[in-house]
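S.K.: Generate coordinates for the sequence data below:
(chains A and B, ligands or ions: 2)
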Number of protein chains: 2
Amino acid sequence: TEKTREEWEADRWQDVEYFDSYADLKLHLEMLSDNARTNAYKDAIIQNAESLSNKVVVDVGCGTGILSLLCAKHANVKQVYGVEASDIVHHTQHLIDQNGLTNKITIFKDKVENITLPDKVDIIISEWMGTLLLFELMIESVLLARNLWLKDTGVMWPSDASLYLVPCSATDEYNKKIAFWDCVYGFDFSYLKSFAMQEYFGKPVFNHELKSTDCLDSPLCVLKMKMKTFQIDELEEIVKEFSFKVTKKSTFHGFASWFSVDFGGFNNQNTVTLDTGPTSRLTHWKQDLFMMNDAVQVTVGDKIEGSIVIKRNAEWRRHLVVTFKYQMIFHCDQNIKNFEKTFPLWK
Amino acid sequence: TEKTREEWEADRWQDVEYFDSYADLKLHLEMLSDNARTNAYKDAIIQNAESLSNKVVVDVGCGTGILSLLCAKHANVKQVYGVEASDIVHHTQHLIDQNGLTNKITIFKDKVENITLPDKVDIIISEWMGTLLLFELMIESVLLARNLWLKDTGVMWPSDASLYLVPCSATDEYNKKIAFWDCVYGFDFSYLKSFAMQEYFGKPVFNHELKSTDCLDSPLCVLKMKMKTFQIDELEEIVKEFSFKVTKKSTFHGFASWFSVDFGGFNNQNTVTLDTGPTSRLTHWKQDLFMMNDAVQVTVGDKIEGSIVIKRNAEWRRHLVVTFKYQMIFHCDQNIKNFEKTFPLWK
Ligand SMILES: [Ca+2]
Ligand SMILES: [Ca+2]
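M.R.: Ligands and ions are numbered 1, 2, ... in the order given. From the prediction side, this is the model:
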């Protein structure tokens, strides 16, 4: 049987795999166990309870319903619409009933693109952030929901999202996966190093734990999105030039990235921020590591100048391809070397 | 096209998935990075170098060739035949050449069941141990190789393998996966506990880190195999009765298991042992946890009496099904409760 255009489109978004991965408890437990994450939303709700009073909220990708429940319990919202396409939602209604908030929360088992609401809403709340902030591209659904259902005066939560980049050393990772092969119980297995580089570092490392002391310069903000106005087609290609100056004698292994999001939009002076960087408490996102093929000795004043390009995969719409292209200018002898590496994330 | 009987047989062994999983470096790095594991083989070879002198060795599932290389370098063996069916073997010959041992080691890219050797051999060395000692049932290939190719006077390495069982508490694991749902940011999510029990503990936990203090009694040896004489059909069903007596006030969550293997067979008084239990250095096998559905308060003198049955899956030949059936007899009031739980590992 021929596929309809809609079915082709669903394939390109890998909707079946995507929503299936959220059907079990595993990912939900991981997210709920991340106190820094969930408490940021909870704190934002509690600190803005007055502004949220009598408002209508949409919770995009509500999962177990935690954000809807927090809104309904801690702020006197008028109504929350929880939207979730994965099968976890079969549990969500139970949890809402069991916690006595049935009248406040309405669950839609569907993609947010497909729902019909009685009227426009005041707030869209969602936890859509993934690896390199954007991966899974759930953000597109959130922005679509905004275009369709948010009042002009409405608020997006998070209201702002920023992606950071820093050159770094990753000595443990390099030693355990690459240098290891130099001497294996007295044997020279170095022949395997190039294979190991491809297998372990051909793609980003999504669960890297970056230490502050691994950073070779201050981080650069490579993307700053105002969620109220950011356009979906701006996701197609994000380009940022960088010029890092190494601040310590170390080994440069690659680049690390992380994000932060803010919960602003109301006239509240204390905006809650969820920061996933190396100076904040570790979250389930940890940090992302883009390991380059060469470990390079660097010293104070060496420069790393070039660009990062984050390109959305034209075919696989939830995927990105990240390219680093830069030169290293060595302070002591003004020697210049060029580097380039492309990382599928994940296709 | 119809499948041949051989193809059906290969399916039941999931040979494609099985050998594919060893084609990348990932599992090999994990095994090689496990110093306790690899050094046990290395120590056994070095300590028995005299006995190994001028002997012919088969290394079943040689992987990157590390055991073959160790034999060739540290003992003056006559010849090593390394047998490996997974694609990793394409690298193995390079590593042997690079380390100057081409003349000592011959690699067969095949299953050991299919190879033809010029003559019977003196030693079969292999690292075939998996979860619950037996999982993957690579042991069958090793025993088949013995039946086909080992001299009557030959030695199996490991020479002996033992599987241990102990009742234990697993408080962290229980709290993080089950008790967690009792109160999630102030909400009652306890409705999800039975689903979580099934999702997280319907099968064994294969990477559990058991502490000595988690053990509620001394471990019991539930299986002791002499590799020289153990018969393949003895793997079909292993039954062992147990009678544990709780030695401390604690919570009983389930059973933990681990194994040890010895490298005996030569007249050497210092037999090397690789022990993966909680009192030894942690290996990549860690320990296995069989979490029961009920957390039961226990105190000194309470009894846990019953049986463990390890049954080989009749259809999926690499898989096992483990059943615990027992009663708990509570010291204080002689109250008796019955329990039973079956764990697929993994089908
Ligand atoms: Ca996410
Ligand atoms: Ca193994």
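S.K.: what's near enough to touch the nearest residue to A:K193 once chain neighbours are set aside?
M.R.: In space, A:K193 comes closest to A:W181 once its chain neighbours are excluded; the distance is 5.0 Å by CB to CB, 6 or more residues apart in numbering or on different chains. Placement of C-beta: from N, CA and C, glycine included. Residues counted as contacts of A:W181 (CB atoms under 8 Å, 6 or more residues apart in numbering or on different chains) are A:189-193, A:196.
S.K.: Closest one of the residues you listed to B:R281?
M.R.: The shortest approach to B:R281 among the contacts of A:W181 belongs to A:F189, at 23.1 Å (CB to CB).
S.K.: Tell me the confidence at that closest one?
M.R.: On the pLDDT scale, A:F189 is placed at 98.
S.K.: That one touches A:D182, doesn't it?
M.R.: Yes - here A:F189 reaches A:D182: they are 7.4 Å apart, a contact under CB atoms under 8 Å.
S.K.: Neighbour count for these two, which is higher?
M.R.: Counted by other CB atoms under 10 Å in any protein chain shown, A:F189 and A:D182 do not tie: A:F189 has more neighbours, with 25 against 13.
S.K.: for the nearest residue to the more buried one once chain neighbours are set aside, phi and psi?
M.R.: Excluding the flanking residues, the one nearest A:F189 by CB to CB, 6+ apart is A:W181, at 4.2 Å. Backbone geometry at A:W181, expressed as degrees, to the nearest 10, gives phi -70, psi -10.
S.K.: Which among the contacts of A:W181 count as buried?
M.R.: A:189-190, A:192, A:196 (16 or more other CB atoms under 10 Å in any protein chain shown).
S.K.: Out of those, which comes closest to B:C62?
M.R.: Set against B:C62, the nearest of the buried ones among the contacts of A:W181 by CB to CB is A:F189 (13.8 Å).
S.K.: got the contact list for that closest one?
M.R.: Contacts for A:F189 (CB under 8 Å, 6+ apart) come out as A:181-183, B:64, B:95.
S.K.: Turn those residues into TSV, including distance to A:R146.
M.R.: As requested, those are arranged in TSV below (distance: CB to CB, whole Å):
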residue	distance to A:R146
A:W181	49
A:D182	52
A:C183	56
B:T64	53
B:L95	56
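S.K.: which residues of chain A score low on pLDDT?
M.R.: For chain A, the stretches with pLDDT under 70 are A:1-2, A:5, A:8-9.
S.K.: Residues of it that sit close to chain B?
M.R.: A:24-26, A:29, A:32-33, A:38-39, A:42, A:64, A:66, A:69-70, A:73, A:91, A:94-95, A:98-99, A:176-177, A:180, A:184-189, A:191-192, A:195-196, A:199-200 (CB under 8 Å from any CB of the partner chain).
S.K.: Point out the ones among the residues you listed that are inside helices.
M.R.: Secondary structure defined by DSSP state H assigns A:26, A:29, A:32-33, A:38-39, A:42, A:66, A:69-70, A:73, A:91, A:94-95, A:98, A:176-177, A:195-196, A:199-200 of the residues of chain A next to chain B to helices.
S.K.: From those residues, keep the buried residues only.
M.R.: Buried among these by 16+ other CB under 10 Å: A:29, A:32, A:38-39, A:42, A:66, A:69-70, A:73, A:91, A:95, A:177, A:196, A:200.
S.K.: Can you list the helices and strands that the host helix or strand of A:V80 packs against?
M.R.: Using DSSP states H and E, A:V80 maps to strand A:79-84. Contacts defined by 3 or more CB pairs under 8 Å, 6 or more residues apart in numbering or on different chains; DSSP states H and E place strand A:79-84 against strand A:56-60, helix A:66-74, helix A:89-98, strand A:105-109.
S.K.: So which of those is the most surrounded?
M.R.: strand A:56-60 (a mean of 26; mean count of other CB atoms under 10 Å in any protein chain shown).
S.K.: Which strands border that one, and is each parallel or antiparallel?
M.R.: Here strand A:56-60 is paired, per DSSP bridges, with strand A:79-84 (parallel), strand A:121-126 (parallel).
S.K.: Format those as TSV; extra columns: mean neighbour count.
M.R.: Shown next, in TSV, are the strands paired with strand A:56-60 (neighbours: other CB atoms under 10 Å in any protein chain shown):
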stretch	mean neighbour count
strand A:79-84	25
strand A:121-126	24
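S.K.: Would you map the helices across the stretch 151-300 of chain A?
M.R.: Taking DSSP state H, counting those that start in this stretch to define them, one finds helices in the stretch 151-300 of chain A at A:171-177, A:193-201.
S.K.: and the ones you listed as TSV, adding distance to A:L52?
M.R.: Below are those laid out as TSV (distance: least, CB to CB, whole Å):
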stretch	distance to A:L52
helix A:171-177	43
helix A:193-201	44
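S.K.: Nearest to A:A85, out of those?
M.R.: helix A:193-201 (33.3 Å).
S.K.: what about that closest one, distance to the chain center?
M.R.: In this view, helix A:193-201 has its centroid 25 Å away from the chain centroid, taken as CA atoms, centre = their mean, to the nearest Å.
S.K.: got the CA positions of that helix in CSV?
M.R.: Output of helix A:193-201 as CSV, limited to C-alpha atoms (Å, rounded to 0.1, in the frame of the first residue of the first chain):
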residue,chain,number,x,y,z
LYS,A,193,42.8,4.5,17.8
SER,A,194,41.4,5.8,14.6
PHE,A,195,38.5,3.3,14.8
ALA,A,196,37.9,4.2,18.4
MET,A,197,37.9,7.9,17.5
GLN,A,198,35.1,7.3,14.9
GLU,A,199,33.1,4.9,17.1
TYR,A,200,33.2,7.0,20.3
PHE,A,201,33.6,10.6,19.0
